[in-house]
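Participant: Mind folding the following:
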Amino acid sequence: MPVVADLVLRNGTIWRGRGAGRCTALAVRGERVLATGDEEAIAALVGPGTRVIDLAGRLAVPGLNDAHLHLLPLGLAMLAVDVRPEVVPTLDALLGRIAAAAADRPPGSWIVARGYDHFALDVRRHPTADELERAAPGRPCVLVRACGHIWVASRSALAAAGLDDTAESPPGGLVEKRDGRLTGLLAEHARAPVERVMPAPSDAELVDAIERAGRHCLERGVTSVMDAAVGIRAGMREIEAYREARRAGRLPVRTHLCLLGEAQGIVEECWRAGLVTGAGDAMLGIGPVKIFTDGSAGGRTAAMSEPYLGEPGGTGILCLPDDELRALVASYHARGYRLAPHAIGDRAIDRVLDAYEGALEGRPAHARRHRIEHCGFVRDDQLSRMRALGIEPSPQPVFVRDFGDLYRAVLGEARAARAYPLRTWLERGFHPAVGTDAPVCAVDPLPNLHAMLTRRTRSGTVLGPEQRVEVEDALYCYTEAGARLEGSEAVKGRLLPDMLADIAVFDRDLLAVEPDALLEARCDLAIRGGAVVFERRE
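Facilitator: Residues are numbered from 1 along each chain as shown. Model (predicted):
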């Protein structure tokens, strides 16, 4: 009996992967690609039950892989008060949205607002505890900066957390004061007292968040993700939420779970349960361990070797002592975990590489593909160390677009231009797997691709033009490179026979249009494992 396809895509451009060429038609059987080729060859695989989709000139690519976002937190954040710069450009508008939320919600309930950027506000500063208190009197209110590393808490929220003007900055954190009084700004580990008293989401709300965020991803052509700090909001209940979402058919995207490490994390419980890197399957698997070593450049908490502009001696925050970081990396490595430390500033990257060198001495494991999340401001000498150790970067080029103007303001033009050096990584033989860090930035891959091709900030400034890449390299970083970092490049990331039929169809040929046209494109169709899981309807 002749082989017949379950699904055929025809009459379009199909990008099979970097170096694999293009074709006009593709056949799927079950969960995998059956064949690719020209119209005539694929037409021979069409039977009475085959669904045939006419691409009508559109572009099909491997399903995109967001290698670093926060899926469950994204789903929760989608219910928060939206205070992104494009929504509230002024402080008065921001406070107005918080006041409206307070008027609309039951007395005593917490108000969480997310996405502000102090640099983009008209006042060019962070809001204060007193301003939040006036907007929502008597309501605990938390305002989360876009990066997630800085919060501003209202007076009521500070009181609920037991924080008064005698509070001091903890190790690896900042409690900001002016004239001896709390401003409400809490950075890095200083957020913990407020986080502990905030209402925890229920089990049902966790599953809802996973499904909500996953569908949001599919609508943008993203079929695989890594949730980059599982356990950060609800501990091991997040693992159970993912399992329940999978059991109930409510996990929309293939998900790689990056476990939160350190004392506040879940690695020890996962280890006892046998949840080590590689456990699971192509739909839901255990990935690396996350360790926070510094903060964000825009928030001036990324650990730099040179001071921030206008801040003599201000070089950011190291979240962990060196000996503790080394011990954690050595312990997780010895137990078989892949590692994914968060390190944005070059001073933090130095500490991470030191820890990797210590852990890998006597236990080399290049095939493990340890990584550095963000790796934003990396020096040339550090690139050489990374290559020697087999360490890969996992960057967010969209940060150049969304925060590049702020980088110029806090670091200066020359240092800002070195941010996220994608072309250098590729030329040096790295496999940078890109992501959005959503909800820090929008999960939409098109602004990320645009940033890779143009290096243009929101103001239109081109930041480090020598780091621009071609569109096929950008797509490689969004597909196969992400699969490679999780050890899945044999089954996904390219559209070749026997590979998973994860496909994104865009309404125009992204390979041929001018970069600015990327921002006007949209995903029309998402296929995961041969099944159509999203189809845009007008």
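Participant: Could I get the contacting residues of the closest residue to residue 318 other than its chain neighbours?
Facilitator: Beyond its immediate neighbours in the sequence, the residue positioned closest to residue 318 (CB to CB, 6 or more residues apart in numbering) is residue 303, lying 4.9 Å away. The C-beta positions use only the backbone N, C-alpha and C, and glycine is treated the same way. Residues counted as contacts of residue 303 (CB atoms under 8 Å, 6 or more residues apart in numbering) are 293-295, 315-318, 343-345, 347-348, 351.
Participant: Compare those residues and tell me which is most surrounded.
Facilitator: Scoring the contacts of residue 303 on neighbours with other CB atoms under 10 Å, the highest-scoring entry is residue 344 at 33 neighbours.
Participant: Now that that residue has come up, it's in contact with residue 299, right?
Facilitator: No. The pair residue 344 and residue 299 fails to qualify as a contact (CB atoms under 8 Å) at a distance of 9.9 Å.
Participant: Name the spans of the stretch 251-400 of the chain whose pLDDT lies under the cut-off.
Facilitator: Within the stretch 251-400 of the chain, the set of residues satisfying pLDDT under 70 is empty.
Participant: that's a helix at the residue nearest to residue 318, yeah?
Facilitator: No. The assignment for residue 303 by DSSP: H, G, I helix; E, B strand; the rest coil gives coil, which leaves it out of any helix.
Participant: let's have the chain start at 45 instead
Facilitator: Sure thing, new numbering starts at 45, so read that last one as residue 347.
Participant: domains in this protein, as residue ranges please.
Facilitator: Structural domains assigned to the chain are 51-107+544-579, 115-241, 335-438, following automatic domain parsing.
Participant: Compute the first-to-last residue distance for the first one.
Facilitator: What it means is domain 51-107+544-579. The separation between the terminal residues of domain 51-107+544-579, taken as CA to CA, to the nearest Å, is 14 Å.
Participant: Next: the longest one.
Facilitator: One end of domain 115-241 sits 23 Å from the other (CA to CA).
Participant: what do you get for stretch 507-523?
Facilitator: Between the opening and closing residues of stretch 507-523 lies a distance of 25 Å (CA to CA).
Participant: quick one, phi psi at the closest residue to residue 294 other than its chain neighbours?
Facilitator: Setting aside the residues directly before and after it, residue 294 is nearest to residue 255 in space (CB to CB, 6+ apart), at 4.4 Å. When read as degrees, to the nearest 10, the backbone of residue 255 gives phi -70, psi -40.
Participant: give me the number of residues near residue 255?
Facilitator: The local packing of residue 255 (other CB under 10 Å) involves 18 other residues.
Participant: now it: how far from residue 110?
Facilitator: When distances are taken as CB to CB, to the nearest Å, residue 255 and residue 110 turn out to be 16 Å apart.
Participant: next one: residue 547
Facilitator: In this structure, residue 547 and residue 110 are 16 Å apart, going by CB to CB.
Participant: Next: residue 208.
Facilitator: The separation that residue 208 has from residue 110, given CB to CB, amounts to 41 Å.
Participant: Also residue 521?
Facilitator: Taken as CB to CB, the spacing of residue 521 relative to residue 110 amounts to 11 Å.
Participant: Nearest residue to residue 389 in space, please, no chain neighbours.
Facilitator: Spatial nearest neighbour of residue 389, chain neighbours left out: residue 346 (3.7 Å); criterion: CB to CB, 6+ apart.
Participant: residues contacting the one you found?
Facilitator: Going by CB under 8 Å, 6+ apart, the list of residues near residue 346 reads 338, 339, 340, 360, 388, 389, 392, 420, 421.
Participant: give me that answer again for 10 Å
Facilitator: Shown here is residue 346, whose contacts under the criterion CB atoms under 10 Å, 6 or more residues apart in numbering are 191, 193, 337-340, 352, 359-361, 386-393, 418, 420-421, 451, 454-455.
Participant: before we move on, what about residue 356?
Facilitator: With the criterion set at CB under 10 Å, 6+ apart, residue 356 makes contact with nothing.
Participant: And what about it, helix, strand or coil?
Facilitator: Residue 356 is classified as coil under three-state DSSP.
Participant: Show me which of residue 208 and residue 110 is the more surrounded one.
Facilitator: With neighbours defined as other CB under 10 Å, residue 208 and residue 110 compare such that residue 110 has more, 28 against 11.
Participant: Can you check which residues contact both of residue 388 and residue 343?
Facilitator: Common contacts of residue 388 and residue 343 (CB under 10 Å, 6+ apart): 191, 193, 360.
Participant: Where does the first one sit, in terms of helix or strand?
Facilitator: Translated: residue 191. Taking DSSP states H and E as the definition, residue 191 sits outside all helices and strands.
Participant: Need the nearest residue in space to it, chain neighbours excluded.
Facilitator: Once chain neighbours are set aside, the closest to residue 191 by CB to CB, 6+ apart is residue 340, at 3.6 Å.
Participant: returning to that earlier point: out of the contacts of residue 347, flag the one nearest to residue 147.
Facilitator: If you rank those by distance to residue 147 using CB to CB, residue 339 comes first, at 33.4 Å.
Participant: Over to that closest one: give its phi and psi.
Facilitator: In this entry, residue 339 is assigned phi and psi values of phi -110, psi -130 (degrees, to the nearest 10).
Participant: Spit out the contact partners of it.
Facilitator: When contacts are counted by CB under 10 Å, 6+ apart, residue 339 is found next to 191-194, 216-218, 231-233, 345-347, 360-363, 386, 388-389, 392.
Participant: what's the answer for residue 117, then?
Facilitator: Listed by CB under 10 Å, 6+ apart, the contact set of residue 117 reads 124, 158, 192, 253, 257, 271-274, 276-277, 282, 482-484.
Participant: Having no further points to raise, I will conclude here.
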